[in-house]
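[1] Take this sequence and fold it.
(one chain, ligands or ions: 1)
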Amino acid sequence: MDVTVIAETSGDRLHPVTAQLVGAVVSIGGTPTVLCAGGMGAAEAASISGVAKVISVVGDCFGTFDGGAWAEALNAVTGGDVIIAAASSTGREIAATMAAMRGIPIIQDATNLAPGISVTRPIYSGKAIETSTVTTPCAITLRANAFDAAGGGGSAEVSTVNQSADVAVAVREAIAKASERLDVAEANIIISGGRGMGDPANFSYLNEIADIIGAAVGASRAAVDTWEEIPHDMQVGQTGKTVTPSLYIAVGISGAIQHLAGMRTSKYIVAINKDPDAPIFGVADYGIVATWEDALPALKVELGKL
Ligand SMILES: Cc1cc2nc3c(=O)[nH]c(=O)nc-3n(C[C@H](O)[C@H](O)[C@H](O)COP(=O)(O)OP(=O)(O)OC[C@H]3O[C@@H](n4cnc5c(N)ncnc54)[C@H](O)[C@@H]3O)c2cc1C
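    Model (predicted):
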């Protein structure tokens, strides 16, 4: 039985629970292939005893966690009968999204596996224990510390696959999460552009989106200072306007402290920037690491569907 194990990571290291996932798979006679999102922990995964193969899945989407984008990228390289992940917040989200994409059942938070496949898990907040038999294909998440970890000493082959997920997936998630928080009674939205827009004419992309969602268009000081076409009354920041909208979308804005001073109290902040290290991501609730040229057309399409 071929089993895909989604590696759990902590920072850019492999989390010890991954060896427990492998141990559980081997205990029911499975052959584990470990997928390492963003290539994180691939070498460590290869050294776990019993691992048949490690696939290091790299791509633009792995800069920040986005369940939909990660699942789409991992799903494209997943084979086998069973998907196994840790029952952590990220593992649950990725496994559930992959299961939905494949139209297969998922069992969350298993505490025991037996050949067959028999799955035991707590139900009713742990007041009862359920054991059921599942048919493959299926996805199962496993509770940490409930399974014996596989040992070290393995030497599995590591291959690398570049699997950039569609930026539209990240954009869809951003919109869904923003909508969750937006209160119609205070539907104030601002979409601001910075020097990263490259040319004042490109603010037309922001205007189009603003028209769809009823937003105002703002700008950074660098944008208003650089281009006379962008009026100073659009400037947000320490020497511009202080705003507190429900949703603030920063596009091509680095996130200098003087800009943050004017918008960091926004209820919900979405940042689109091609630089994953841009400071704006430090205050963003949702960050999309992409050029605006990629992200804004996808955002417009998705908003048009609402
Ligand atoms: C006293 C003082 C007061 C100030 N007051 C303000 C203020 O009120 N408001 C304000 O905004 N600033 C203010 N500033 C200026 C501030 O320090 C920054 O210089 C300014 O905010 C930078 O603007 P920016 O992020 O648009 O430009 P940049 O710093 O040039 O950043 C551009 C960003 O765009 C990204 N980018 C480039 N191309 C693309 C692409 N194709 N797609 C996506 N991303 C891309 C880059 O990665 C970069 O992060 C003040 C400064 C001082 C000293």
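
[2] Which stretches in the stretch 51-200 of the chain count as helices?
    67-75, 89-102, 167-181 (DSSP state H, counting those that start in this stretch).

[3] Next, the angle from the second one to helix 67-75.
    This means helix 89-102. 70 degrees (axes from the mean of the first three to the mean of the last three Cα atoms, to 10 degrees).

[4] name the helices or strands packed onto helix 89-102?
    strand 2-6, helix 67-75, strand 82-86, strand 106-110, strand 138-142 (3 or more Cβ pairs under 8 Å, 6 or more residues apart in numbering; DSSP states H and E). Any C-beta I mention is one placed from the backbone N, CA and C, and that applies to glycine too.

[5] can you tell me which of these the model trusts least?
    With a mean of 91, helix 67-75 has the lowest mean pLDDT of those.

[6] thinking again about what came up before, out of the helices and strands packed on helix 89-102, nearest to the ligand?
    The closest of the helices and strands packed on helix 89-102 to the ligand is helix 67-75. By Cβ to the nearest ligand atom, the value is 17.0 Å.

[7] Convert the C-alpha atoms of that closest one to CSV, please.
    Extracted in CSV, the C-alpha atoms of helix 67-75 (Å, rounded to 0.1, in the frame of the first residue of the first chain):
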residue,chain,number,x,y,z
GLY,A,67,-3.6,26.0,3.0
GLY,A,68,-5.3,26.1,-0.4
ALA,A,69,-2.2,27.0,-2.3
TRP,A,70,0.0,24.4,-0.4
ALA,A,71,-2.6,21.7,-0.9
GLU,A,72,-2.9,22.4,-4.6
ALA,A,73,0.8,22.2,-5.0
LEU,A,74,1.2,19.1,-2.9
ASN,A,75,-1.8,17.4,-4.4
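
[8] Pull the distance from it to the chain's centre.
    Centroid displacement of helix 67-75 relative to its chain, using Cα atoms, centre = their mean, to the nearest Å, is 8 Å.

[9] and it, what does it pack onto?
    Judged by 3+ Cβ pairs under 8 Å, 6+ apart, helix 67-75 is in contact with strand 31-37, helix 89-102, helix 167-181.

[10] Ala250 sits in which helix or strand?
    Using DSSP states H and E, Ala250 maps to strand 247-251.

[11] which residues touch that strand?
    By Cβ atoms under 8 Å, 6 or more residues apart in numbering, the residues outside strand 247-251 that reach it are 178, 181-182, 188-194, 196-197, 206, 209, 215, 263, 266-273, 280, 284, 292, 295-296.

[12] among these, which ones are buried?
    Using 16 or more other Cβ atoms under 10 Å as the burial test, those include 178, 182, 188-194, 196-197, 206, 209, 215, 263, 266-273, 280, 284, 292, 295-296 as buried.

[13] what sits against Ala256?
    Counting by Cβ under 8 Å, 6+ apart, Ala256 makes contact with Ser220, Gly237, Pro279.

[14] Count the neighbours of the closest residue to the ligand within the stretch 201-306 of the chain for me.
    Nearest to the ligand in the stretch 201-306 of the chain, going by Cβ to the nearest ligand atom, is Gly237, at a distance of 2.2 Å. By the criterion of other Cβ atoms under 10 Å, Gly237 has 24 neighbours.

[15] cool, Thr120 as well?
    By other Cβ under 10 Å, 15 other residues sit near Thr120.

[16] Roughly how far does the closest residue to it other than its chain neighbours sit from the ligand?
    Once flanking residues are discounted, Thr120 sits nearest to Asn112: 3.9 Å by Cβ to Cβ, 6 or more residues apart in numbering. To the ligand, Asn112 is 48 Å away according to Cβ to the nearest ligand atom, to the nearest Å.
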